[in-house]
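Participant: let's see this in three dimensions:
(one chain, ligands or ions: 1)
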Amino acid sequence: MSAPITCIEDLRVLAKKRVPRMFYDYADSGSWTESTYRANESDFHSILLRQRVAVNMEGRSTRTTMIGEDVAMPVALAPTGLTGMQHADGEILAARAAEKFGVPFTLSTMSICSIEDVAAHTTRPFWFQLYVMRDRDFIERLIDRAKAAGCSALMLTLDLQILGQRHKDIKNGLSAPPKPTLRNLVNLATKPRWCLGMLGTRRRTFGNIVGHAKGVGDLSSLSSWTAEQFDPRLNWGDVEWIKKRWGGKLILKGILDVEDARLAADSGADALVVSNHGGRQLDGAPSSIRALPEIVQAVGSRIEVWMDGGIRSGQDVLKAVALGARGTLIGRPFLYGLGAMGEAGVTRCLEIIQRELDLTMAFCGRTRIEQVDRSILLPGTYPTP
Ligand code: FNR
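Facilitator: Residues are numbered from 1 along each chain as shown. Reported below is the predicted structural model:
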């Protein structure tokens, strides 16, 4: 019998065994030297917690709200592209796990399963993440499709007007589905579970795009289409236009600078996500946890400030909350769970994080999320504005 899965690292190790190399590498990598990718995690480690004793720890709860939605803990699944390549029907499985657990799921524009696929297999409204493309008709149709599917919030990603260079993806010739090269076929032969799953689904390429965007009828045209389509002209005027067109709750993702945070708050959005895209865009940018306190201080009273990047445990979630995050997103942790064990793996990921969050909160002498502030952290060990 295999050893029990007790932490996110166990899921990562299992995912590495089970997921084809190009997709595992796509998840487990950052841009250029990966220094920001690494700092996202390591900066959490240098923050120390104050242990308290002889405090009544009974009746604890990790429940709270994010943009008015009840959540089992201040954690949502981040939008991640190609999730249906970590495991067949990955977006549907992750959305179902999130729904059963009681946390929000965000579907990426660059997902394999479409908005309609995920809506057909879930009952709780999910969030839709939008990338702004040059083809504005396509964007309008995407927004309308998200509305029709009952999505309860739109997450607009602002930090991918251009793509940060990721060496591994270029070297691996990343594509969905993988091209039948000798190297890929040899690697796929060692991943029988993954292959069987893929043979059992018809969802093997970008479901929101192929067949919906002009000029993208088949796979050969998709990569050139995305390279051409991400819009380098994106600006705050577009944010206003999208907000109007959407008309519902809006989350702005990819804010790292305090000036941008002020503009995000001025835009009237409901939340902003302090994020460096998991260290996949500007290498050399600060870690998200380091950027968080200054942004909270500047705009925390006007807009919900969330963060993502580097969260690998419930302790990290608690540290982010202590520094003022009203919510957090996790990307790779749930992707590892998905690659390792499908829906059960995403559920396991959420259980692990919630348990760690609950126990750490107790060790710090708090029983509710609302009681958590920077007084649970050791002075001098955490970033300040
Ligand atoms: C991402 N991220 C991302 N963000 C986004 O807005 N749209 C997307 O399609 C993607 N795609 C994507 C793919 C993969 C494989 C990863 C790892 C990340 C960024 C994501 O939403 C989030 O910001 C980071 O994943 C957070 O960092 P951690 O939790 O992965 O450390």
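Participant: CA atoms only: put stretch 145-159 into PDB for me.
Facilitator: Output in PDB follows, covering the C-alpha atoms of stretch 145-159 (Å, rounded to 0.1, in the frame of the first residue of the first chain):
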ATOM      1  CA  ARG A 145     -21.300  33.200 -22.500                       C
ATOM      2  CA  ALA A 146     -20.100  33.500 -18.900                       C
ATOM      3  CA  LYS A 147     -23.300  35.500 -18.100                       C
ATOM      4  CA  ALA A 148     -25.500  32.800 -19.700                       C
ATOM      5  CA  ALA A 149     -23.700  30.100 -17.800                       C
ATOM      6  CA  GLY A 150     -24.500  31.900 -14.500                       C
ATOM      7  CA  CYS A 151     -21.000  32.800 -13.500                       C
ATOM      8  CA  SER A 152     -21.100  34.900 -10.300                       C
ATOM      9  CA  ALA A 153     -18.000  37.000 -10.900                       C
ATOM     10  CA  LEU A 154     -15.600  37.900 -13.700                       C
ATOM     11  CA  MET A 155     -11.900  37.900 -12.900                       C
ATOM     12  CA  LEU A 156     -10.100  40.100 -15.300                       C
ATOM     13  CA  THR A 157      -6.400  39.300 -15.600                       C
ATOM     14  CA  LEU A 158      -4.300  42.400 -16.200                       C
ATOM     15  CA  ASP A 159      -0.700  41.100 -16.100                       C
END
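Participant: and the residue of the stretch 151-300 of the chain closest to the ligand?
Facilitator: For the stretch 151-300 of the chain, the nearest residue to the ligand under the criterion CB to the nearest ligand atom is G278, separated by 3.0 Å. Placement of C-beta: from N, CA and C, glycine included.
Participant: with the chain instead?
Facilitator: Nearest residue of the chain to the ligand, counting by CB to the nearest ligand atom: G331, 2.1 Å away.
Participant: and that residue, how many residues sit next to it?
Facilitator: Applying the criterion other CB atoms under 10 Å, we find 22 residues in the vicinity of G331.
Participant: who's in contact with H121?
Facilitator: By CB atoms under 8 Å, 6 or more residues apart in numbering, the residues touching H121 are 92, 95-96.
Participant: right, I mislabeled it, should have said T80
Facilitator: Under the criterion of CB under 8 Å, 6+ apart, the contact partners of T80 comprise 27, 108, 331, 335.
Participant: tell me the pLDDT at it?
Facilitator: Looking at T80, its pLDDT reads 98.
Participant: returning to that earlier point: okay, the contacts of T80 in a markdown table with pLDDT next?
Facilitator: Conversion of the contacts of T80 to a markdown table gives the following (pLDDT from 0 to 100):
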| residue | pLDDT |
| --- | --- |
| A27 | 98 |
| S108 | 98 |
| G331 | 98 |
| L335 | 98 |
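Participant: quick one: buried ones out of those residues?
Facilitator: Of the members of the contacts of T80, the ones counted as buried by neighbours, 16 or more other CB atoms under 10 Å, are 27, 108, 331, 335.
Participant: and those residues, which two are furthest apart?
Facilitator: A27 and S108 (12.7 Å; CB to CB).
Participant: hang on, the earlier thing: narrow the contacts of T80 to those in helices?
Facilitator: Residues of those located in helices (DSSP state H): 27, 335.
Participant: and which of the contacts of T80 is nearest to Y131?
Facilitator: Comparing every one of those with Y131 (CB to CB), the shortest separation belongs to S108, at 8.1 Å.
Participant: backbone dihedrals for the nearest residue to R124 once chain neighbours are set aside, please?
Facilitator: The spatially closest residue to R124, leaving aside those adjacent along the chain, is E99, at 4.3 Å (CB to CB, 6 or more residues apart in numbering). As for E99, its main-chain torsions (degrees, to the nearest 10) stand at phi -60, psi -50.
Participant: contact partners for V239?
Facilitator: Neighbouring residues of V239 by CB under 8 Å, 6+ apart: 156, 158, 252, 267, 269.
Participant: okay, and it sits in which element?
Facilitator: Assigned by DSSP states H and E, V239 falls within helix 236-246.
Participant: can you check A320 too?
Facilitator: Taking DSSP H and E as the criterion, the element that holds A320 is helix 314-322.
Participant: tell me what that helix is packed against?
Facilitator: Applying 3 or more CB pairs under 8 Å, 6 or more residues apart in numbering; DSSP states H and E, one finds that helix 314-322 makes contact with helix 35-45, helix 288-299, strand 327-330, helix 332-363.
Participant: how far does that helix sit from its chain's centre?
Facilitator: Between the mean C-alpha point of helix 314-322 and the mean C-alpha point of its chain there is a distance of 16 Å (CA atoms, centre = their mean, to the nearest Å).
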